[in-house]
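Chemist: please find the sequence and the predicted model below.
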Amino acid sequence: MKTPIQRAPARVAAAEAEDDATKGQIRLANEIRILGAAEKVFARAGFGGATMAAIATASGLPKANLHYYFGSKDVLYRAVLARILGDWLAPAQGITADADPRAALEQYIRVKMALSAQRPDGSKVFANEMLHGAPVVKTILKSELRPLVMEKAAVIQGWIDAARMAPVDPTHLFFTIWAATQTYADFDVQVCAVLGRKSLTAKDHARATEHVVSLLLRGCGL
């Protein structure tokens, strides 16, 4: 039987582990909160116009917290872009050789439309980065985006070769999907003007989603 003295280190270790876990959860929650706020500020002000003070205000956290977690505006901007690209790359994982072409492409398109509706600021930050020559993410585009697109384009080409869908250019299909889905975020002002809306409603997004899904799948013969 362990004595109280022997049990004490175990209790201390357990308490420290619990404390570390709590701190980790707090850190993660704060980082997500800051990244979300930064996404909004960068979308509206651009990198040059955004300030850590404005991001701190948007996050509801002290400015010191931003510097503690991310160090500088440049580091924070890079983290925002990495998060956006990561969220965009993940849905493509469902495009696999053994998947049903219609189901896989439909799911991908729907997720991309949902991201445009739920995270329009992220799309705008990314679009602004592209318009300025992608000075920050150019390396990531070449090292992460290109290999993924080439891999998934090969899967689509395999579907085409097996007569499972209509012959299309697999790589340009991705460009078309991105353009069709992200326009509802990047050019929402234009869409709203044409539709006579102050902002796009959930019904508008649902209507747009069904249109884009139907149009692209028909173009793929699915």
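Modeler: Thanks, I have the structure now.
Chemist: tell me what the helix or strand encompassing L66 is packed against?
Modeler: Of the helices and strands defined by DSSP states H and E, L66 is found in helix 63-70. Using 3 or more Cβ pairs under 8 Å, 6 or more residues apart in numbering; DSSP states H and E as the contact criterion, the elements in contact with helix 63-70 are helix 4-49, helix 52-59, helix 73-89. Every residue, glycine included, has its C-beta placed from N, CA and C.
Chemist: got those helices as a markdown table, with mean pLDDT columns?
Modeler: Supplementary listing: those in a markdown table, determined by pLDDT from 0 to 100:
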| stretch | mean pLDDT |
| --- | --- |
| helix 4-49 | 75 |
| helix 52-59 | 94 |
| helix 73-89 | 91 |
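Chemist: using a markdown table, lay out those together with mean neighbour count and distance to D186.
Modeler: Conversion of those to a markdown table gives the following (neighbours: other Cβ atoms under 10 Å; distance: least, Cβ to Cβ, whole Å):
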| stretch | mean neighbour count | distance to D186 |
| --- | --- | --- |
| helix 4-49 | 14 | 10 |
| helix 52-59 | 18 | 21 |
| helix 73-89 | 18 | 13 |
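Chemist: make JSON lines out of those and add distance to P101.
Modeler: Putting those into JSON lines (distance: least, Cβ to Cβ, whole Å) gives the following:
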{"stretch": "helix 4-49", "distance to P101": "33"}
{"stretch": "helix 52-59", "distance to P101": "42"}
{"stretch": "helix 73-89", "distance to P101": "20"}
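Chemist: now for these, which one comes closest to G158?
Modeler: Evaluated with Cβ to Cβ, the helices and strands packed on helix 63-70 place helix 73-89 nearest to G158, the distance being 20.2 Å.
Chemist: could you check the angle the very next helix or strand once past the closest one makes with helix 73-89?
Modeler: On the C-terminal side of helix 73-89, the closest following helix or strand by DSSP H and E is helix 101-118. Angle, helix 101-118 to helix 73-89, by axes from the mean of the first three to the mean of the last three Cα atoms, to 10 degrees: 150 degrees.
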